[in-house]
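Participant: Return a 3D structure for these sequence lines:
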Amino acid sequence: MSAQQQPATPPNPVLIFNTLQGYQRAFALKAAVDLDLFTAIAKGSRTATEIAKSCNAAERGVRILSDALVVMGFLTKSGNSYSLTSDTAFFLDSRSPAYFGLAFKFLLHPSQLANFEHLTETVRNGGASDQDSPLAPNDPIWIEFAKGMAPIMVPAAQTMAGLLAGELSSRPSAKILDIAASHGLFGITVAQRLPKARIYALDWANVLEVARDNAAKHGLTDRYHLLAGSAFEVDYGTGFDAILITNLLHHFDPAENEKLLKKAHAALNPGGQVLILEFVPNDDRVSPQGPAMFSLTMLGSTPKGDAYTLAEYAAMCRNAGFEAPRLVPLEPMPQSLVVARKPF
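Facilitator: This next block holds a predicted model:
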């Protein structure tokens, strides 16, 4: 049979239908977290009756929700018994140190959802309006981010700390600037690997309270210093051996990012490095899926933000005075590190 005679694949609306119902999946997962359903199963409740009793919820509701979670891939089912997958056990059992449930408050915050309810107009305008952007100083949404996102950032923080521990082994009392410190995990992890390093954490004043508390829990108060305010306005000082810029540059256009990178360049010692944690799509901008889709997140929530390719970061870094950066993948995480050095 020739290629012309091969039957064409019939049109299929399933992808369209599933996408339109995507919000149901997000809120089903949120409901399970709100009910602490995954923890109930981890503790030994297996049937809908047992889970409902543990979660103080109606059996019918728990049965339907649990079945949906099986379909979605968050639970498995054998007969009438439900079990966790390895991922849900690690990230959604509230007793786990990697518990990710607190991040739902940020990721499904009403302001985040509202931005996408008006995405048609945002596309017409080329970005969200300034009123829609949650970037105002001391906006409470960043408290939710700081408290909720720390567990998922552990692999990135450990990679950063490992890179700097090797780089700065001869300078144990290194001076590190952590821009957009948020929960403080990045600088704290570096301080744990470099026992005499001094960390300077920069973020909004209210967010720094979270970072300060976390630093105190790790016994780092004497080496942990706070710089409150905008990364574009605060005087960084000088003499830094490394600067961390985490989950920040995607909020701005290249010109604004170059301004910030020039400030970082001026604050670094010769040979010092900037470590940028970001979603970095390939040059085709449609792969890998996670970094590529992050551009849409920025379109819906910022006036000018984007997910930039390595080539675009290379241009920003060169224009700010850095050498060409290298990319450090953080698989299976969707983010990567862009590492650039200030010439000696």
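
Participant: Please make it C-alpha for all contacts and neighbour counts, starting now.
Facilitator: OK.

Participant: What is the least confident helix or strand in the chain?
Facilitator: Here the helix or strand of the chain ranked lowest by mean pLDDT, DSSP states H and E is helix 141-149, holding a mean of 84.

Participant: low-scoring pLDDT stretches of this structure, where are they?
Facilitator: 1-7, 131-137 (pLDDT under 70).

Participant: Ser287: what's it in contact with?
Facilitator: Pro281 (C-alpha atoms under 8 Å, 6 or more residues apart in numbering).

Participant: swap the cut-off to 10 Å and go again
Facilitator: Val280, Pro281, Met293 (C-alpha atoms under 10 Å, 6 or more residues apart in numbering).

Participant: got it, and Leu35?
Facilitator: Leu29, Ile51, Ala52, Ser54, Cys55, Asn56, Ala57, Val62.

Participant: mind running it again at 8 Å?
Facilitator: By C-alpha under 8 Å, 6+ apart, the residues touching Leu35 are Cys55.

Participant: that older thread, could you list every helix and strand that the least confident helix or strand of the chain packs against?
Facilitator: helix 104-107, helix 205-217 (3 or more C-alpha pairs under 8 Å, 6 or more residues apart in numbering; DSSP states H and E).

Participant: Nearest approach to Lys175 belongs to which of those helices?
Facilitator: helix 205-217 (15.9 Å; C-alpha to C-alpha).

Participant: between that closest one and helix 141-149, how many degrees?
Facilitator: 30 degrees (axes from the mean of the first three to the mean of the last three C-alpha atoms, to 10 degrees).

Participant: any idea which helix or strand comes after helix 205-217?
Facilitator: strand 224-228 (DSSP states H and E).

Participant: which residues are contacting that following strand?
Facilitator: With C-alpha under 8 Å, 6+ apart, strand 224-228 has contacts from Arg198, Ile199, Tyr200, Ala201, Leu202, Asp203, Trp204, Ala205, Leu208, Arg212, Ala215, Val234.

Participant: chain center to the helix or strand containing the fifth one, what's the gap?
Facilitator: Using DSSP H and E, Leu202 sits in strand 198-203. Distance of strand 198-203 from its chain centroid, counting by C-alpha atoms, centre = their mean, to the nearest Å, is 19 Å.

Participant: ok, residues contacting that strand?
Facilitator: 173-182, 184, 187-188, 191, 208, 211, 223-231.

Participant: Show me where the stretch 201-344 of the chain has its helices.
Facilitator: 205-217, 254-267, 289-301, 310-319 (DSSP state H, counting those that start in this stretch).

Participant: closest to Tyr23 out of the ones you listed?
Facilitator: Short answer: helix 289-301, nearest of these by C-alpha to C-alpha, at 14.8 Å.

Participant: Show residues contacting the closest one.
Facilitator: Counting by C-alpha under 8 Å, 6+ apart, 112, 115-116, 119, 122-123, 126-128, 132-134, 250-251, 279-282, 285-286, 304-307, 334-335 sit against helix 289-301.

Participant: Buried subset of those residues as a PyMOL selection?
Facilitator: In PyMOL syntax, the buried subset of the contacts of helix 289-301 is picked out as below (16 or more other C-alpha atoms under 10 Å):
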select buried, resi 112+115+116+119+122+127+128+132+133+134+250+251+279+280+281+285+304+305+306+307+334+335
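
Participant: What about the contacts of helix 289-301, which are in strands?
Facilitator: Using DSSP state E, no member of the contacts of helix 289-301 falls in strands.

Participant: what's near enough to touch Tyr236?
Facilitator: Tyr236 touches Lys263, Ala264, Ala267, counting by C-alpha under 8 Å, 6+ apart.

Participant: Phi, psi for it please.
Facilitator: Tyr236 adopts backbone torsions of phi -70, psi -30, taken as degrees, to the nearest 10.

Participant: so Pro343 sits right up against Leu268, yeah?
Facilitator: No - using C-alpha atoms under 8 Å, Pro343 is not in contact with Leu268; the gap is 10.1 Å.

Participant: of those two, who's got more company?
Facilitator: A direct count of neighbours by other C-alpha atoms under 10 Å for Pro343 and Leu268 places Leu268 higher, at 24 against 13.

Participant: That one against Leu244, yeah?
Facilitator: No - with contact defined as C-alpha under 8 Å, Leu268 does not count as touching Leu244 (11.2 Å).

Participant: Overlap in contacts, the two.
Facilitator: With C-alpha under 8 Å, 6+ apart, Leu268 and Leu244 have no common neighbours.
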